[in-house]
Each structure stands twice: as C-alpha cells, then as structure tokens.
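Participant: fold the following, please.
(one chain, ligands or ions: 2)
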Amino acid sequence: MARISASVFTSHVPAIGVAIDQGKTREAYWQPLFDGYAYSRQWMRDNRPDVIFLIYNDHATAFSLDLIPTFAIGTGAEYLPADEGWGPRPVPKVVGHPQLASHIAQSVIQQDFDLTIVNQMDVDHGLTVPLSLICGEQPADGAWPCPVIPFAVNVVQYPVPSGQRCFNLGQAIRKAVESFDEDLNVQIWGTGGMSHQLQGARAGLINQEWDNCFLDQLIHHPATLAKVPHIDYVREAGSEGIELVMWLIARGAMADVDDPARAPVVKHRFYHVPASNTAVGHLILENG
Ligand code: DHB
Ligand code: FE
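Facilitator: Ligands and ions are numbered 1, 2, ... in the order given. The predicted structure follows:
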C-alpha cells in the first residue's frame with residue numbers, strides 16, 4: 001500500500017528561482033531566506049520519498065483564459081520547465097508517475113471531485129521554485145530526487161475553489177494514495193502564498209500577523225481554518241494571498257484529519273519577509 005509520510009508547505013516566488021539560477025543565494029538580501037531552508041534540504045536527503053504529489057498553481061503559463069481547470073492532475077510521463085518570458089529555468093525536467101497519477105484520478109473522481117486530466121503541459125515557477133528550495137540546486141542535465149505528480153489549482157481567475165473544498169479534496173487524495181497497491185512513500189506538498197498582492201492600490205501588502213495565525217491554525221486546527229471564506233484571504237493576505245487555499249489540500253491529506261490521535265509532528269517552521277513582494281512561509285509536517 002502506498003502511504004503519505006509527510007506534508008511540505010512553501011511559498012513560491014519567481015525571483016527565488018532567479019536568485020538560485022544566477023548564483024545569488026549568498027547575497028545579503030537572499031541569504032536569510034535560503035538559510036531558512038537549510039534544514040529542509042537535509043531533511044529531504046534523509047527522507048527521500050518515492051513520489052512527490054505537488055499542489056501548485058499555474059500562472060497563465062500552461063493554461064490561459066481559453067481553458068481554466070479548477071483542479072488539474074498531471075498523468076504524463078514528463079513535464080518541461082516553462083518559458084515564462086526569460087527562457088526556461090535551467091533545472092531538470094520533471095519526471096511524472098503516470099501509474100499513481102492515473103490511479104489517483106480514478107479514485108478521486110469516483111469520490112465526486114471533478115479533475116481535469118493533463119497529459120502534456122509545461123510547469124512554471126509555481127512548481128519548480130518549491131522543488132529548488134527543498135531539493136537544492138540541480139543541474140539542468142541532472143534529475144530531481146524522485147518522480148513528481150503535478151496537481152494544478154486555479155487560484156488566478158475567479159471563481160476559485162473554497163478552502164473547505166480543498167480540505168475535503170485532500171482527504172480524498174489520501175484515500176486514493178492508500179488504495180494504490182504498490183508500496184510507495186509519498187510526500188504531499190502544498191505551495192504558493194503567503195500574503196502578497198502584486199497589483200492595484202494595495203500592491204506590496206504583507207500581513208505577518210495573519211500569516212502566522214494561518215500557520216498556527218494549519219498545524220493545530222485545519223478543519224476550522226478550512227471554513228475561512230475566500231474574501232478573508234483577499235482582505236487579509238492580498239489578492240495573491242488566495243494561493244494559500246492550496247495548503248489546505250496537503251493538510252487535508254494528513255492522517256490526523258480522520259484520526260485525531262495522529263497529530264502531525266512539526267519538523268520545521270520558517271517565516272521570512274520579504275522575498276520580492278511576498279511573505280515566505282514554510283512548514284514540514286510528518287504523520288504522527
Ligand atoms: C511574486 C509572487 C508570486 O506568487 C508570483 O506568482 C509572482 C510574483 C512576487 O512576489 O514577485
Ligand atoms: Fe504565485
């Protein structure tokens with residue numbers, strides 16, 4: 001049986017990818033941010049999974065106003081880093097896991113969540129920056145530590161899914177993983193956020209108090225956090241802060257959601273402002 005061993009939560013910011021790709025991680029602006037991920041890179045070496053199920057959002061890269069899937073699961077064999085305007089990031093291609101991804105699609109759709117099935121797409125900074133942060137720098141002709149199943153959520157074009165729906169979906173994903181025959185160690189990653197707003201009168205908004213409260217609630221009271229309406233995210237965490245609903249999918253996939261005796265172990269917690277226009281938050285939870 002496959003099982004979910006841990007969940008990882010992290011912001012993505014395109015400038016973090018640029019700092020890595022241009023060798024700037026030791027510069028004064030960036031060093032405190034990358035130091036906050038040193039534990040995580042070691043943890044990843046010590047706890048290498050067989051597959052990462054990576055929840056992220058596409059930023060009008062693979063999708064556009066022509067086609068807006070709310071939830072899209074990558075069932076393909078591989079995905080190339082996208083060209084977001086400055087050429088593709090010099091990082092390895094992402095190798096998928098079509099067998100597990102197809103099984104999850106079958107199971108989750110039969111649990112009444114409508115997923116779009118994607119066999120071909122390029123992956124943007126929403127997916128590659130979290131991989132770089134946690135797995136460390138990888139040469140473009142190298143490989144990421146394990147296969148990755150991309151799971152894209154629409155948080156860009158309204159209407160976006162509610163926190164409650166994301167949380168429930170996470171529970172369905174755990175059931176799907178646990179009904180896969182092969183003995184696989186799967187990590188589930190929730191990415192995006194934390195508070196940021198990139199445009200309009202409130203551009204530059206950061207809300208440290210709200211972000212830290214979100215992290216506390218995510219760890220200890222995820223079912224209560226799931227009830228927060230999307231307007232609160234936008235009001236408190238800015239228009240792009242809505243990316244945080246994706247963290248509830250990964251949290252909903254943890255064991256304690258059905259079994260309160262299995263509270264997750266907090267292996268690492270980090271918060272840093274700013275990275276470009278964004279407050280960076282990061283958590284590693286292991287199933288207890
Ligand atoms: C920034 C953050 C994002 O989440 C994003 O998708 C693009 C830019 C930023 O802070 O610059
Ligand atoms: Fe983003």
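Participant: break down the chain into its strands, ranges please.
Facilitator: Here the chain has its strands, by DSSP state E, at 3-10, 51-56, 71-74, 78-79, 94-95, 116-118, 148-153, 185-191, 265-275, 278-286.
Participant: show me what the fourth one packs onto, helices and strands only.
Facilitator: In other words, strand 78-79. Where contact means 3 or more CB pairs under 8 Å, 6 or more residues apart in numbering; DSSP states H and E, strand 78-79 is packed against strand 94-95. For every residue, glycine as well, the C-beta is placed using N, CA and C.
Participant: direction included, what does the strand it packs on pair up with?
Facilitator: Take DSSP bridges as the rule and strand 94-95 pairs in its sheet with strand 78-79 (antiparallel).
Participant: quick check: mean pLDDT of the strand it pairs with?
Facilitator: In this model, strand 78-79 has a mean pLDDT of 98.
Participant: other residues contacting that strand?
Facilitator: Outside of strand 78-79, the residues within contact range by CB atoms under 8 Å, 6 or more residues apart in numbering are Lys93, Val94, Val95, Gly96, Met121, Asp122, Val123, Leu127, Pro150.
Participant: hang on, the first one packs against Ala77?
Facilitator: No: under the criterion of CB atoms under 8 Å, Lys93 lies out of contact with Ala77, with a separation of 10.0 Å.
Participant: who has more neighbours, those two?
Facilitator: A count of neighbours by other CB atoms under 10 Å puts Lys93 above the other of Lys93 and Ala77, at 17 against 14.
Participant: which residues does that one contact?
Facilitator: Contacts for Lys93 were tallied using CB under 8 Å, 6+ apart; they are Glu78, Tyr79, Leu80, Pro81.
Participant: okay, those residues in a markdown table with distance to Arg41 next?
Facilitator: Shown next, in a markdown table, are these (distance: CB to CB, whole Å):
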| residue | distance to Arg41 |
| --- | --- |
| Glu78 | 24 |
| Tyr79 | 22 |
| Leu80 | 24 |
| Pro81 | 20 |
